[in-house]
Each structure stands twice: as structure tokens, then as C-alpha cells.
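S.K.: Pasting a predicted model and its sequence here:
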Amino acid sequence: MIIMKLLFDGFYADRFSAESVISLLDSLQTQTEHIEHKNIASILKKKVNHLLPGTMAPDFTLYNIDSSLISLSEFRGKYVYLNFCNNKSYTCQKDYELLKSLKKKFSRHLEIVTVSSDKDFKSFIKQMYNNECSWIFLHSGRIPEVLKTYRVRVYPSYYLIDPYGRILMTPAVSPSENFENEFHRV
């Protein structure tokens with residue numbers, strides 16, 4: 001159990017590669033005779049695999065600016081540039097201008113989805129209309145678990161999801177870090 005704890009902690013401290021940790025947890029899970037160790041290894045493996053490139057993006061359903069429920073899975077068939085923002089973040093506000101440009105250039109292949117963590121969603125909506133932002137905005141207010149699921153610790157946070165719902169980049173580069181070049185590469 002101590003080894004599993006060290007593997008888990010080492011993975012999140014970037015001391016071990018994901019492949020190495022998963023391989024060791026697989027070995028522990030298949031070779032141990034203790035049921036409890038198998039269960040713990042299985043749980044740790046799920047946590048380590050969570051949000052890694054190639055894994056399925058966790059689905060969620062949130063309200064959009066028209067108070068309609070929208071699910072992430074509705075965007076299958078297109079790439080999704082998922083970002084988590086808060087209006088109090090200056091960086092988020094700066095990125096909106098760059099996201100407008102990305103929306104114009106790539107709207108045929110890329111869906112931009114912004115999840116707002118703002119408490120006052122109505123003022124957020126007003127600001128989006130005033131700034132002429134034309135992509136999908138969702139509100140996490142009633143369902144804050146989505147922020148935990150995606151491990152949002154800073155704003156903005158970005159993910160790139162492929163047309164099949166798998167995570168391609170976690171974290172994805174921001175628009176100011178030349179996302180356009182990365183998207184062309186993909």
C-alpha cells in the first residue's frame with residue numbers, strides 16, 4: 001500500500017511518467033493476492049488515467065446563455081476547444097478577443113465551448129453580448145462538480161477534445177500561446 005501511495009504521489013509531482021505508473025499499477029492489480037490491494041490499484045489507475053490524452057473527456061450537461069441544457073457530447077463530430085473562465089480573470093478577458101478570431105477561422109472544424117464559473121451569470125451574459133462573442137457559453141453555477149472533474153485550479157484552463165470525444169491536449173495551449181499552430185498540427 002505504501003508503494004501505491006508513493007506511485008500516486010510521484011505521478012502528480014511529475015517524478016514518474018504516466019506510462020510507468022500505469023504499468024506498475026497494472027502489475028500490482030493482476031499479481032497481488034490481496035483483494036484490497038487490487039481494489040486500491042484499480043482506483044488509483046482510474047485517477048491517474050483521468051484527463052490524460054487519449055481518454056474520453058468526461059461528459060457534462062450545463063445551462064447555456066438561453067437557459068437550455070447543453071451536453072459536451074452534443075459536439076461530437078467536431079474538435080472542441082473547451083475552456084474554463086471567470087470574468088474576474090484578466091487573462092480570460094484578453095483571451096476572448098483571440099477566441100473570436102479562432103471562431104472565425106476554424107468554425108467549420110472547431111467548436112469553442114467556454115464554461116463560466118461566475119456567480120452572476122446574467123452580468124457575464126451581458127458582457128459576452130457586448131463584446132460580440134459568438135461561441136458556446138455554459139454556466140457551471142448550479143453544477144460546480146464540472147470544475148472538480150476537470151481539475152480547474154486556474155483561469156483560464158483549456159482542453160482540446162477530438163471529434164470522437166477523446167482528450168487530445170490536457171492542458172491545451174491557450175490562444176495566446178499559439179493554439180492556432182497546435183491545431184494545424186493536429
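M.R.: Sure thing, it's come through. Numbering: from 1, shown residues only.

S.K.: What pLDDT is listed against K45?
M.R.: We note a pLDDT of 75 for K45 in this prediction.

S.K.: Ok, E145 next?
M.R.: Note on E145: pLDDT of 92.

S.K.: who touches C85 in this structure?
M.R.: 92, 95, 114-117, 155-156 (C-beta atoms under 8 Å, 6 or more residues apart in numbering). To be clear about C-beta, it is placed using only N, CA and C from the backbone, and glycine gets the same treatment.

S.K.: which one of the residues you listed sits closest to A41?
M.R.: Ranked by distance to A41 (C-beta to C-beta), those are led by V115 at 32.2 Å.

S.K.: neighbouring strands for whichever strand or helix holds the closest one, and are they parallel or not?
M.R.: Counting by DSSP states H and E, the element that carries V115 is strand 110-116. Applying DSSP bridges, strand 110-116 is found paired with strand 79-85 (parallel), strand 136-139 (parallel).

S.K.: packing partners for the biggest helix by length in the chain?
M.R.: Across the chain, the longest stretch assigned as helix under DSSP state H is helix 90-106. Contacts defined by 3 or more C-beta pairs under 8 Å, 6 or more residues apart in numbering; DSSP states H and E place helix 90-106 against strand 79-85, strand 110-116, helix 179-185.

S.K.: what distance separates the helix or strand harbouring I70 from the middle of the whole chain?
M.R.: With elements taken from DSSP H and E, the one containing I70 is strand 69-71. Here strand 69-71 is found 16 Å from its chain centre; the criterion is C-alpha atoms, centre = their mean, to the nearest Å.

S.K.: Please apply the same query to stretch 90-97.
M.R.: Mean-position distance between stretch 90-97 and its chain equals 18 Å (C-alpha atoms, centre = their mean).

S.K.: repeat for stretch 136-154
M.R.: Centre to centre, stretch against its chain (C-alpha atoms, centre = their mean), the figure for stretch 136-154 is 9 Å.
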